[in-house]
Structures are given as structure tokens and as C-alpha cells.
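[1] Requesting a structural model of the entry that follows:
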Amino acid sequence: MRVELLDFELPKELIAQEPIEPRDCARLMVLHKSSGEIQHRVFYELVELLSSGDIIVVNDTKVIKARLRGRRLPTGGKVELLLLRQLEDGVWEALACPAKRARPETEIVFGDDFLGKVVEIKQTGTRVVQFNKAGSEFWEALEKYGNVPTPPYIKREVSDEKSYQTVYAKKLGSVAAPTAGLHFTERLMDELVRAGIKITSVTLHIGWATFKPITSSEVEQHKMEEEYCEVSEDAANEINMAKTNGKRIVAVGTTVVRVLESVADEDGTVKPWAGWTNLYITPGYKFKVVDSLITNFHMPRSTNLLLVVAFAGLELTMKAYQIAINERYRFYSFGDAMLILP
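    Numbering: from 1, shown residues only. From the prediction side, this is the model:
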């Protein structure tokens, strides 16, 4: 599939710069795959669109303060790191800007007693950085000197860091938020549970894989990096029970889709799991578990958009995106949402 099929023209003013408040007042486009019908709703109406016994699966990862601004020793030149994933205790893979100031053996100081040393440059251009702290001391230093990273298309500093975390975030490890989940409020989750709709969580720590753009001319040539994920025995049992009972499995975000499809048997049975996945979903993929998807409106030529195309079809997805543009939906991380139903 040619990557230009994932292109669309988006007016800059439709790129959301801050979240809607309350969160669940975001707009919700409902896309019915079987009929092609499109409805315009509000996210807090989700409870009216699902049924008792359906299960919503969320990603409970929590965004870390992965952006570090420091100075190169001994020259004092500014260097910024974006931590991508932990390779071992105190050792991280990171993006560096400007990259030319982060050659091997370069030392970068981020605070009074917190520094990192570039020990390797990978073929992808990322840096392997050894920090002078590990364990709890590293996390304390990161909390003190780091900043929550936001995508480059968000031009203003996020004044409230909680706005870039889901209300159910628990497990530190992501360098970007699972943005489909940003629309949930505690009130809405309570309403869903009272309506008999189950909510369970899995974990995928978002790294470079999720936001790395597709640069190859054919989407099949793109290589997906690994990301760490977990599925508990309780979550697997709840999902399998709902599937056995013929209820909908509603994934909140493309990361949840990738987790569940990574850990499922060919018959769709979800297994408990803790490990790494590089599952890359392209058109033609046969979904084994997920039949409904809550997702945001994604960037052109992104693996997220490609997954949505694989799930709902190219023609219907791009039609929905054009309607969203015409109807002035808000796009990307702080934007509006789409619910794709069978």
C-alpha cells in the first residue's frame, strides 16, 4: 500500500492546542463499519452507545517526565534528550537535539548532581545514554529535572501536567500519552460501570514505535520498534468472558489494540503476558480480539492512522476524516474522538 494514501490536508487551526474541559465534553464521531453510517455525538454519551456486558479495555500507562534539557560538558552547549525506553537500570535509549552535540563519550549535565553520558549511537540515530543514577534515585532525579513531553504540534507549554495523563494512569513508563483515553472522566467511568459496562486495563508503555512516522514509500516496508506491554490474568479472564458471551471488546486507543492482538491465540483467546511487542498492523490484518475501537484523529502517514485503516477500511476511514475536517472536529492528542463499531 502506497503511503500517500494516508495523506490529507488539515487546516492548522484544527490541531487542538489544549484539551476540552470537562474532558468528556469532546465531540465523538461514531462510525458504523457494517453500514457506513456516521453519527455526531458527544463523548459523555458513550454510555448510550454501548450495552451491558460490553467491556472497555484501557491502557493504564503513565507518562514520565521524559524530556530532559541539559548542557554539554565542558562547553556548556544546550542539549535536549527525549527518553524513549529503558534498556537497563540507569541506561536509556533517547533522541538527542541537536544530535551533533551528543556524540559518543559526550557528558550532559541536567542538574546539580544528575548527568548522563552518551555511550552508543544506534543505526536509527538514537543515543544510548548511561546516567549516573539508577533505581529510585534515577526516578527522583527525573521527577525533579525532567518535563512531561508533548508532541511538537502542540505549540504551547502544558500548564497542568495532569491534562496529559489519563484519569486512570498508574504505571510509569510512557513518553507519550495514550490519547484516546484522555476523554474519560471519573464521572463517566462511574456511569459506564453502573450501566453494566465493564472496564479493565492492560499496559503498553508508549515509546518511539507509536509516534515514529512512516517514511517508506510502501507502508509494508516500515519497521515497528518494540514496546513493553503487560496483560494480567484478571484482565485476560474478563476479556475472554465478555467475548464468550458475545459482548463487544472496546479498545481505547491503538495501543490497546496492539496489546490484545499481540497476546491472543489464533482463536482470539487472550493470554496473560508481560514482554515486548512490535506488532505492526496493516490493511489485511485479521483482528482476533478487538471489534470496537475508540481512537483520536491521527496524523497523516502515521502507524496509528494505518491501524485505523486496517480496522475500518481505507475508503470509510478517509471519508470519515474528510467529514471531520468539514465539520471542524479537533485533531490529534488533545482533539476529539472517534468510536468505530461493527
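
[2] Am I right that residue 192 sits in a strand?
    No. Assignment of residue 192 by DSSP: H, G, I helix; E, B strand; the rest coil gives helix, placing it outside any strand.

[3] residues in contact with the closest residue to it other than its chain neighbours?
    Nearest-residue entry for residue 192: residue 47, 5.4 Å, with adjacent residues in sequence omitted and distances by Cβ to Cβ, 6 or more residues apart in numbering. Every C-beta, even on glycine, is put in place using the N, C-alpha and C of the backbone. By Cβ atoms under 8 Å, 6 or more residues apart in numbering, the contact list for residue 47 reads 188, 191-192, 195, 197.

[4] what do you get if the cut-off is 6 Å, keeping everything else the same?
    Residues in contact with residue 47 (Cβ atoms under 6 Å, 6 or more residues apart in numbering) are 191-192, 195.

[5] For stretch 172-184, the averaged confidence score.
    Averaged across stretch 172-184, pLDDT comes to 95.

[6] Okay, now the unreliable bits of this protein?
    159 (pLDDT under 70).

[7] Which parts of the stretch 201-342 of the chain are helices?
    Secondary structure of the stretch 201-342 of the chain (DSSP state H, counting those that start in this stretch): helices located at 208-211, 233-244, 254-263, 303-312, 314-326.

[8] make that the stretch 1-150 of the chain, sorry
    Under DSSP H, counting those that start in this stretch, the stretch 1-150 of the chain gives helices at 46-49, 135-145.

[9] And the next helix or strand past the longest one?
    If you walk from helix 135-145 toward the C-terminus, the next helix or strand you reach (DSSP states H and E) is strand 171-174.

[10] List the buried residues of that following strand.
    Across strand 171-174, burial judged by 16 or more other Cβ atoms under 10 Å covers 173-174.

[11] Check stretch 80-99 too.
    Buried residues in stretch 80-99 (16+ other Cβ under 10 Å): 80-86, 90-96.

[12] Compute the first-to-last residue distance for it.
    Terminal residues of stretch 80-99 lie 9 Å apart, using Cα to Cα, to the nearest Å.

[13] heads up, I number from 845, so please use that
    Got it, the first residue is 845 from now on, which makes the last one we talked about stretch 924-943.

[14] secondary structure class for residue 1032?
    Per three-state DSSP, residue 1032 ends up helix.

[15] so it touches residue 868, yeah?
    Yes. Using Cβ atoms under 6 Å, residue 1032 is in contact with residue 868, at 4.6 Å.
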